[in-house]
Structures are given as structure tokens and as C-alpha cells.
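Chemist: show me how the following folds:
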Amino acid sequence: MQWNDATLPPASSLGVNQIVLAWERGVPTALWATARKQGYRVYVEAPLNQATSAAKGCAEKSCAGIILKVLEAESAETEKSIASLRSAYPKLRVLVLSPTGKQPKMRGSLIIKRNSVLEVSSPTAQPWIDTNLAFIKTEQRSRRPQIPLYTFSWADQGPQTILTADDYSLAVAEAGAFHADLVLQLDEHLQQGLNKRDSEAWALWNQVRSTLKFFADASAGVLEPAANVAVVVDQLDPSDEVANLLSRHNIPFQVFIAADLKTEELKGFDIVIVFAKPDAETVERIKNLATGGATVIAVDAHGKYSWQSGQPVQLNEHTTSYAVGNGKVLELAEPVSDPETFAQDIRRLLGRRNALLSLWNGLTTIAVPYKDRGARVTLLELVNYAGESLRLQVQVKGSFTTIRYETPEHECCESLEPVKHDGFTEFVIPEIRIAGRVHLESQ
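Modeler: Take a look at the predicted model:
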């Protein structure tokens, strides 16, 4: 949590024990000591050009670490700066913060880009969700092994908008459900109210605390996100709209860079979407993936490739299909101009047999499945952006005998009735307001 006020309540009452102080604002000497006395581990946030002075001050005050706020244009300098800081201060934790997250919320309508023109759908169409899932998945590949750490500004709410407990809880729930770290910014009026023991401020915050506790108590262990769609790019772009729409359609995917095509990391994916321009080695790797049974989509593909030895099938004006071994390669002759339609096409290509999960009545809910070391889906995290309670029907690939459900509002766990058929398990979630977690157990 980022804190700007001169004083702060005890960590035990706030429910957060890691506090972030902005180096640029100047950190009062008394606040260092007060924060430690109140039970906090103190981090200092600084821009890259002030990293050295901030690290020196942080080390002298025995703080927990330094957080470097790195803009996209500075990414090339980041690794060098981190190496230098870790060499000079080996006991100091150095983390990289991306400030380009967005406030999670539901908008009224869908916004898509066609030929560089933004088009807004009618109010009756699928609602548009501002989610950080695609951004987090890109950061997971970009920052590894560091867990993605991000923040966002509430600025687009407008100066007169009063943030609610649901606003804060949704931000916490999103980071927790997607297994990322968030520097949560608190409105200064709320900070002051908490310091003054204002009853309304504490009533609001105690609602947020239930969500904080829900994710702090979660035992993720060795679970990793489950996905059967791979997205391969030349350059990692956290704002990519294709990834964003895959997220919105609850299509579990993982982001890779072109170099990953030359490794074994992409084995086991049903669909591999390649935006990267392939060289001779990656062309053969694409062919091998298709031979093994995958459907590979080569976007904006032009040229002669070894997978073209088979008879081409013209699916439409811009798409050609080549059968390769047990799979196929689909060549798209141009870039993706409509990410919404493209995401729907990917869902159709997966088909019912390969869909890891499906939601009914879940237009405002994002679900992320997690797997254990045996590649079995054992956990499902759900985030509802609607701001009102929903009843959901869920289908997950696999046969499960026990379904347990928990939320921040209710202690673990409520047993749900599984209905198994044809390799899938269906169940009904009676209510989800902001966050929910499903534990899936096989016999």
C-alpha cells in the first residue's frame, strides 16, 4: 500500500504490513521510525533516475527494499541499474514496478478498433471490462522470475468521485486472483480519515480488509496458471488488444516471445497464435507443433514455408489452411483488425472438446484456472466486475468429485454439487459479488 500522510495507523488494524513511501515526495525522518514501530516493512518507491540516492537512503534506514518505477521507454536501462544496485546493496530487495496498470471496472459498452477508428457498440451488447489480466500475463513473461508488480492511478474517476469499498476491493481481488503484486494507492482523504479514527473511513476500510484477508490467507503453493492457448509475439506489449479480448472471453492463454518457439515451452498447447515473424528455425518449430496435433495460426504471414507442402484450403478471403501431420497451420494474410471477432474465432477453433472452462451468465466475470505439478486443474479464481451479485454456471474440463467454494464474505467452504459428463464437470456458483475461489478435487 502506498502511503502519503505524515502518520499512519498500526499494521494490525490496517490489515497490511508492507507500506510504500514515495522518495520523490521526500520521506520525513520521523515517518521511517513510526512505520517500523507500527509493524510495517517499509519500501521506498523511486524513479529510475533517482535509484542510487533512494537505495542509499533506504539502506541507511534499514528498510525492506526499493521499488523502481520504470516507464516503458526506460526498460533497456532497467537490468543494468538493478544489477548495479544489487551489487552495491546485496541485502536490499530491488523490485521493478510498472505504473501502466489500469483501474479495474466495468464500462457500459464494448469498444473495438477498426482501421484505426474506435467504434462503440450498443448498450445491449456485451459489457466492456477494464481488466489487468492480459497486462499481468505479459508482465509474467517480461519480468520473470519476479512476480508482476504494478500500480494504477484513480485519476480517470474524476475529481468529484468518491472511491468506494468495492473500488478498492475489486483492485485487491484482481491482483490476488491473477497472482500478481499490487501497490494500492489510497485516496488522501481516506488516509486522513483512518488516521483520525473516523468511523465512516474505518467502516469502508473494514469491508476492504475482508478481501485483503481472503487473498492473504490463500495458499497458492506451487500452482501455476493453466492454459491451452499460446500467444507468441516479437515484442511484449502490455496493452495488446488481442490478449485483452482473449482474457475477456475467458480463454486461458500464456504469452511467449519468438525465442520461446525454439524451446520446449510450447508443447501441450492446443492453439498457438504466432504474431512473430518466423525465421528458418522457428518455421520448422511451427511445423513440428502442428505435426504433433496443435493448430498454429500464423498472423500476417507472407512467404514460402515448409508447412505449405500440403494441399491448401482457402477458408475465406484472408485465411488459408494447411494440414500438417495431426494438426494444421492457418495462415492469416493480414494483421488482426478486429480483436473481438478474432477472440470469438479462437473460442470456436478450440471447440467444445478443448475448452478448459466455460461460464454461463458470466459476461462480467473473469475466471482463471490453476494447475498443480501433475498439470491437473485444481483451483479456479473468479473476479466479478459488475458490482452486484451474480449466479454463475461453470463448466471445467476434467472429472471432479468434490467442489468447494469460498468468498471473502463467507468462510471456507460451501460444497457445490458436481454434474459430470463426457469428460467435463459442471456446477452452479450460487453467488459471487466481487471474488470467489473454487477448489476442484478428483477422487
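Chemist: every contact and neighbour count from this point should use C-alpha atoms.
Modeler: OK.
Chemist: could you pull out the helices for the stretch 151-300 of the chain?
Modeler: Ranges of helices within the stretch 151-300 of the chain are 165-177, 188-195, 199-216, 241-248, 280-291, based on DSSP state H, counting those that start in this stretch.
Chemist: can I get those in a markdown table with distance to Val383, mean neighbour count and mean pLDDT?
Modeler: As requested, those are exported to a markdown table (distance: least, C-alpha to C-alpha, whole Å; neighbours: other C-alpha atoms under 10 Å; pLDDT from 0 to 100):
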| stretch | distance to Val383 | mean neighbour count | mean pLDDT |
| --- | --- | --- | --- |
| helix 165-177 | 6 | 22 | 96 |
| helix 188-195 | 25 | 17 | 94 |
| helix 199-216 | 12 | 18 | 95 |
| helix 241-248 | 11 | 22 | 94 |
| helix 280-291 | 33 | 19 | 93 |
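Chemist: can you add distance to Thr402 and give those helices back as JSON lines?
Modeler: Shown next, in JSON lines, are the helices of the stretch 151-300 of the chain (distance: least, C-alpha to C-alpha, whole Å):
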{"stretch": "helix 165-177", "distance to Thr402": "21"}
{"stretch": "helix 188-195", "distance to Thr402": "42"}
{"stretch": "helix 199-216", "distance to Thr402": "21"}
{"stretch": "helix 241-248", "distance to Thr402": "27"}
{"stretch": "helix 280-291", "distance to Thr402": "35"}
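Chemist: between the ones you listed, which gets nearest to Pro339?
Modeler: Pro339 lies closest to helix 241-248 among the helices of the stretch 151-300 of the chain, at 4.9 Å (C-alpha to C-alpha).
Chemist: may I have that closest one exported as PDB, CA atoms only?
Modeler: Below are the C-alpha coordinates for helix 241-248, written out as PDB (Å, rounded to 0.1, in the frame of the first residue of the first chain):
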ATOM      1  CA  GLU A 241      -5.900  -5.700 -27.500                       C
ATOM      2  CA  VAL A 242      -5.800  -9.300 -28.800                       C
ATOM      3  CA  ALA A 243      -4.600 -10.600 -25.400                       C
ATOM      4  CA  ASN A 244      -7.100  -8.300 -23.700                       C
ATOM      5  CA  LEU A 245     -10.000  -9.800 -25.600                       C
ATOM      6  CA  LEU A 246      -8.800 -13.400 -25.000                       C
ATOM      7  CA  SER A 247      -9.000 -12.500 -21.300                       C
ATOM      8  CA  ARG A 248     -12.500 -11.100 -21.600                       C
END
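Chemist: any idea how far Glu60 is from the residue positioned nearest the centre of the chain?
Modeler: Nearest to the mean C-alpha position of the chain, by C-alpha atoms, centre = their mean, lies Leu133 at 2.8 Å. Leu133 sits 37 Å away from Glu60, going by C-alpha to C-alpha, to the nearest Å.
Chemist: low-confidence ranges, this protein, go.
Modeler: Along the chain, segments meeting pLDDT under 70 span 73-74, 108-126, 155-160, 219-222.
Chemist: the helices of the stretch 151-300 of the chain: which one's closest to Leu382?
Modeler: helix 165-177 (6.9 Å).
Chemist: give the contact list for Tyr168.
Modeler: Val208 (C-alpha atoms under 8 Å, 6 or more residues apart in numbering).
Chemist: residues in contact with the most far-flung residue of the chain relative to its centre?
Modeler: When distances to the mean C-alpha position of the chain are computed (C-alpha atoms, centre = their mean), the maximum falls on Gln311, with 39.9 Å. By C-alpha under 8 Å, 6+ apart, Gln311 lies in contact with 322-323.
Chemist: partner strands of the host helix or strand of Tyr43 and their direction?
Modeler: Using DSSP states H and E, Tyr43 sits within strand 41-47. For strand 41-47, the paired strands and their directions (DSSP bridges) read strand 18-22 (parallel), strand 65-69 (parallel).
Chemist: in the sheet, who's paired with His68?
Modeler: Heads up, residue 68 is Leu, not His. Leu68 forms beta bridges with Ala46, Val96, as assigned by DSSP bridges.
Chemist: on that earlier part again, to Ser13, which of the helices of the stretch 151-300 of the chain lies closest?
Modeler: Closest to Ser13 of those is helix 199-216 (C-alpha to C-alpha; 9.1 Å).
Chemist: that closest one vs helix 188-195, what angle?
Modeler: Put simply, helix 199-216 runs at 90 degrees to helix 188-195, going by axes from the mean of the first three to the mean of the last three C-alpha atoms, to 10 degrees.
Chemist: tell me what helix 199-216 is packed against?
Modeler: If you count contacts as 3 or more C-alpha pairs under 8 Å, 6 or more residues apart in numbering; DSSP states H and E, helix 199-216 packs onto helix 165-177, helix 188-195.
Chemist: I'd like to know which of those is closest to Pro104.
Modeler: Of the helices and strands packed on helix 199-216, nearest to Pro104 by C-alpha to C-alpha is helix 165-177, at 6.2 Å.
Chemist: that closest one versus helix 199-216: what angle between them?
Modeler: Going by the same axes, to 10 degrees, helix 165-177 makes 20 degrees with helix 199-216.
Chemist: just give me the neighbour total for Pro278.
Modeler: By the measure other C-alpha atoms under 10 Å, the count of residues near Pro278 is 19.
Chemist: tell me the contacts of the residue lying closest to it once chain neighbours are set aside?
Modeler: The shortest distance from Pro278 to any non-neighbouring residue, by C-alpha to C-alpha, 6 or more residues apart in numbering, is to Ala258 (7.7 Å). Contact analysis of Ala258 by C-alpha under 8 Å, 6+ apart lists 232-234, 276-278, 282.
Chemist: rewinding a little: now for the residue nearest to the centre of the chain: which residues touch it?
Modeler: 178, 244, 247.
Chemist: now the nearest residue to the second one once chain neighbours are set aside: how far from Asp240?
Modeler: In other words, Asn244. Leaving out its chain neighbours, the residue that sits closest to Asn244 by C-alpha to C-alpha, 6+ apart is Ala134, at 5.1 Å. According to C-alpha to C-alpha, Ala134 stands 8 Å off from Asp240.
Chemist: many thanks, we can stop here.
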